[in-house]
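**Q** Quick one: sequence plus predicted model below, questions after.
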Amino acid sequence: MNDLLMWLKQLLRIDSSHASATPAIDATQLTSAQFEIPVLLVHYFPTKGNLIDRSVTGDVAAPLDVIRTHTRTTTAQVIAALEQGSRFRAYQRPAATPSLHYTVVGSLEFLEPLPTWRKPGHRVLMTDYNAIMARIDARRWVMVEGVKEIWIWGYHGGVIDLWESNMAGPWGDISNSDRDPHDLPVFDRTYTVYHYNYGRGPSEAVEDHMHQIEAVLRHIDPDLFWNKFVGKPGEGRCGWAHYPPNGERDYDWRNRTVVMSDIEDWRPDGGGQKIPINCDRWQGDSLKWFIYWMQSLPGADNGLTYRGRPLTNWWTFIGDFDGAMRARLGLVR
């Protein structure tokens, strides 16, 4: 955690030659709000004595207290990364404020295996998200307590299938899943379920959110987000979770090949300043790459335009999906 915070501070001390040349900010045309995201934590710890039961998890057999501490620490790291990531170009703008603020409003623990079912097309048992939502009374948490995200701490180990992110609500399921409309109960408010693996660390958990961001923004405007912001591998635009601007293959976070990229001055028309980029910019670290990429998304007061119209704060679709849908908001006003 200290290493991550040190890196964030170093990232702010950017050379002035990398400064953005974006137009003057007109705050009246932009969405600048900070969005509150209430989170419910759900932990499934199948135990055997005081240990996690490896026969259930497939690969985790640590003491229960160790895993409890690990999930608590990792949750804090995930929140810190997501909030830092929602600060538009904070590597250039130290005063940039987060668009997202996460609050844990509840934490539930079950000393038992995840519920599963035999889902067609899956080699192993699938996590039964309907059973989990019934067990925790998800309707109350979403409709009464205002929870927008449910973070499940569980396991994988090759013995169980899961979805990294799964959405339900009046606007459908836009997530990094098979988008089965029946695998979660549907309420009058949208909520997103993230399924973490406590056999891994904060980078893998944040990657779940990265893929959800990609799924949502690609749904809203596939051309502007996927074609113009993400770009083709190695093209020098902004990339995505698995492919940084110089990426040549999946998970290519340590690629030292230098490419010219406009990620720090991205404009939809491609007219931004390009700088030489390789993994040194994020120190070859996947979590640092995720934060850097998120900070490059058009956020609050971004001052960017496309075909004469201002870009919105894209974090609106993560912070208030229902509100954005009701307002028929796009990535461009």
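**A** In hand now; what should we look at? Residues are numbered from 1 along each chain as shown.
**Q** And Met126, how far from Asp180?
**A** Per Cβ to Cβ, to the nearest Å, Met126 is found 10 Å from Asp180. To be clear about C-beta, it is placed using only N, CA and C from the backbone, and glycine gets the same treatment.
**Q** Of the two, which one has the most company?
**A** Neighbours were tallied for Met126 and for Asp180 using other Cβ atoms under 10 Å; the higher tally belongs to Met126 (22 against 14).
**Q** who are the neighbours in contact with the more buried one?
**A** Going by Cβ atoms under 8 Å, 6 or more residues apart in numbering, Met126 touches 116-119, 160-162.
**Q** do that again at 6 Å, thanks
**A** Residues counted as contacts of Met126 (Cβ atoms under 6 Å, 6 or more residues apart in numbering) are 117, 119, 161.
**Q** how near is the second one to Ala300?
**A** Applying Cβ to Cβ, the value for Lys119 to Ala300 is 40 Å.
**Q** Just want to know which of these two has more residues nearby.
**A** Neighbours per residue, other Cβ under 10 Å: of Lys119 and Ala300, the larger number sits with Ala300, 23 against 15.
**Q** Confirm for me that that one is in contact with Trp314.
**A** No - using Cβ atoms under 6 Å, Ala300 is not in contact with Trp314; the gap is 9.8 Å.
**Q** Measure how buried the closest residue to Arg89 other than its chain neighbours is and give me the count.
**A** Ranked by Cβ to Cβ, 6 or more residues apart in numbering and with sequence neighbours excluded, the top spatial neighbour of Arg89 is Gln295, at 5.9 Å. Using other Cβ under 10 Å, Gln295 has 23 neighbouring residues.
**Q** likewise Leu82?
**A** By other Cβ under 10 Å, the residues close to Leu82 number 24.
**Q** what sits against Gly58?
**A** Each residue near Gly58 by Cβ under 6 Å, 6+ apart is listed here: 157-159.
**Q** Helices of the stretch 51-200 of the chain, start to end?
**A** For the stretch 51-200 of the chain, the helices defined by DSSP state H, counting those that start in this stretch occupy 54-57, 64-85, 129-136, 138-143.
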